[in-house]
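Asker: Have a look at this prediction, sequence included:
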Amino acid sequence: MITSLVMTVLGADRPGLVRSLSDVVATHDGNWLESRMARLAGQFAGIVRVECPTESAQNLIEHLHALATVGLTVQAVREKSSDPAPRKTLSVTVVGNDRPGIVRDLSTAIATAGANVEDLITGLESAPMSGHPLFRAQGIISIPESADPATLISAIENLGTDLSVDIN
């Protein structure tokens, strides 16, 4: 039998962190399925999903936690699978003037519309002419099959006239 683990990984960035993590996974007959990793303010941050034989899972989790001795904090949980209700996915891009609370406002609009964030990348960039900071969010949002995407678009656009919203 196979067990899936989802983990978060955090540590001061340095060469070899991913190798250390992948060595532990491979040593326990694990299969690295997917991941998202980034360097943020000098810190390495990642989320990873792996599979391993069920009989190896607890030992793998213990060895992942032991990576704290080399400065890598790993939190691992067993994935709980269920048959989710059918949903449509939409690609969303939002660009506008940066302001405190914009991620909170955006996530509230998404949730209020009955949607769910599947993948989201946010960041700041310089406006072409003025150079002032622009907020950019790109992601995948899911909505129930029966939902109208216009509800999501309206909820986001109601956050302010300075936001440009593109949904595909």
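Answerer: Looks like it arrived, so ask away. Because the structure is a prediction, the values reported are computed rather than measured.
Asker: For the rest of this, base every contact and every neighbour count on C-alpha atoms.
Answerer: Noted.
Asker: Quick check: Thr54 vs Thr3, distance?
Answerer: For Thr54, the distance to Thr3 equals 5 Å [CA to CA, to the nearest Å].
Asker: Those two: who's more crowded?
Answerer: For Thr54 versus Thr3, neighbours defined as other CA atoms under 10 Å are more numerous around Thr3 (17 against 13).
Asker: Return the residues in contact with that one.
Answerer: Going by CA atoms under 8 Å, 6 or more residues apart in numbering, Thr3 touches Glu51, Cys52, Pro53, Thr54, Ala57, Arg78, Glu79.
Asker: same deal with Val94?
Answerer: Phe135, Arg136, Ala137, Gln138, Leu163, Ser164, Val165, Asp166 are the contacts of Val94 under CA under 8 Å, 6+ apart.
Asker: In ChimeraX, how would I select just the buried ones from those?
Answerer: If you want just the buried ones from those in ChimeraX, going by 16 or more other CA atoms under 10 Å, the selection is:
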select :135,136,137,138,163
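Asker: any idea which of the contacts of Thr3 is the one closest to Gly101?
Answerer: Relative to Gly101, the closest of the contacts of Thr3 is Glu79; by CA to CA it sits at 31.1 Å.
Asker: Model confidence for the closest one, exactly?
Answerer: pLDDT for Glu79: 87.
Asker: Quick check, it in contact with Leu5.
Answerer: Yes. Using CA atoms under 8 Å, Glu79 is in contact with Leu5, at 5.3 Å.
Asker: Pick out whichever of those two has more residues nearby.
Answerer: Set side by side, Glu79 and Leu5 show more neighbours around Leu5, with 22 against 14, by other CA under 10 Å.
Asker: distance of the more buried one from Gly160?
Answerer: According to CA to CA, Leu5 and Gly160 sit 40 Å apart.
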